[in-house]
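Engineer: Sequence plus the predicted model coming up.
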Amino acid sequence: MSNLIAPSVLAADFANLQRDIEMVNNSEADWFHIDIMDGVFVPNISFGMPVLKAISKHAKKTIDVHLMIVNPDQYIQTFADLGANILTVHFEACTHLHRTIQAIKAAGMKAGVALNPHTPIAVLEDVIAELDLVCIMSVNPGFGGQSFIENTYKKVNQLRHLIEFSESNCQIEIDGGVTNLNANKLIEAGANVLVAGSYVFGAENPTETIADLKNIVG
Ligand code: DX5
Ligand code: ZN
């Protein structure tokens, strides 16, 4: 499995969104990471359907949607219609997680589950075989630009073992505080998708920064 970089559009310049989408299209980035926040599950509101529709119109790479919302089941078909290729829901927001995962797949998308920093990997034991992606939050969800939580490495390791044990081919995504300083160590711990928001869009040369990250993750 190759190692992927997913710039988080949350850190883009929304007054120049098309420019930033084209930058990602023309870069070595692999996916677009799209953060949807509802102001209930997390203490912040990002953007919703009309913005995702606009992004989808221009994006030429996989669209990886990270839902930080309560009741995600209600919107699964909507996100499929809006062009999401991967739909990730939070473990902490789903009462019937198994059912939610099946519904995402039935809508034609790949299914992901995100874990908050306090949620242990072990809660995924009975659904890991069903999953295409697990997103380990390396910050508390809600905001870009926060610093990386070091305990993440241990969780990546545990998840890598769980995946090997269950013979699933689920991808391990890391979201929050990713930079050139932790990228290599995360890959070594067993991650294979790194989300980077402020590190990419806050850089003087985002295209080069993406290329540097790709170089680090190999
Ligand atoms: C945080 C979001 C992240 C965020 C990452 O709640 O899920 O995807 O955009 O931003 P950085 O890379 O700046 O931590
Ligand atoms: Zn995210």
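Structural biologist: On my side now, so go ahead. Numbers count the residues shown, from 1 in each chain. Ligands and ions are numbered 1, 2, ... in the order given.
Engineer: Grab the CA positions of stretch 161-173 and hand them over as PDB.
Structural biologist: Output of stretch 161-173 as PDB, limited to C-alpha atoms (Å, rounded to 0.1, in the frame of the first residue of the first chain):
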ATOM      1  CA  HIS A 161      -1.500  -4.800  14.800                       C
ATOM      2  CA  LEU A 162      -5.300  -5.000  14.900                       C
ATOM      3  CA  ILE A 163      -5.500  -4.700  11.100                       C
ATOM      4  CA  GLU A 164      -2.800  -7.300  10.500                       C
ATOM      5  CA  PHE A 165      -4.500  -9.700  13.000                       C
ATOM      6  CA  SER A 166      -7.900  -9.200  11.300                       C
ATOM      7  CA  GLU A 167      -6.400  -9.500   7.800                       C
ATOM      8  CA  SER A 168      -8.300  -6.300   6.800                       C
ATOM      9  CA  ASN A 169      -6.800  -3.900   4.200                       C
ATOM     10  CA  CYS A 170      -8.000  -0.800   6.000                       C
ATOM     11  CA  GLN A 171      -5.900   2.400   5.600                       C
ATOM     12  CA  ILE A 172      -4.600   4.300   8.600                       C
ATOM     13  CA  GLU A 173      -5.100   8.000   8.300                       C
END
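Engineer: Could you pick out the longest helix of the chain?
Structural biologist: Looking only at the chain and at elements set by DSSP state H, the helix with the highest residue count is helix 152-166.
Engineer: where exactly do the helices run in the chain?
Structural biologist: Along the chain, counting by DSSP H, helices occupy 17-25, 49-58, 76-81, 97-106, 152-166, 183-189, 198-201, 206-217.
Engineer: quick one on the thing from earlier: for the longest helix of the chain, what is the distance to the chain centroid?
Structural biologist: In terms of Cα atoms, centre = their mean, to the nearest Å, the centre of helix 152-166 is set 17 Å apart from its chain centre.
Engineer: What of stretch 46-62?
Structural biologist: On Cα atoms, centre = their mean, the centre of stretch 46-62 falls 15 Å from that of its chain.
Engineer: One more: stretch 165-183?
Structural biologist: Between the centre of stretch 165-183 and the centre of its host chain there is 9 Å, according to Cα atoms, centre = their mean.
Engineer: how long is it end to end?
Structural biologist: Between the start and the finish of stretch 165-183 there is a gap of 25 Å, counting by Cα to Cα, to the nearest Å.
Engineer: still on that earlier bit, quick one: is the longest helix of the chain near ligand 1?
Structural biologist: No. Judged by Cβ under 6 Å from any ligand atom, helix 152-166 stays clear of ligand 1, getting no closer than 11.9 Å. C-betas here are computed from N, CA, C, even on glycine.
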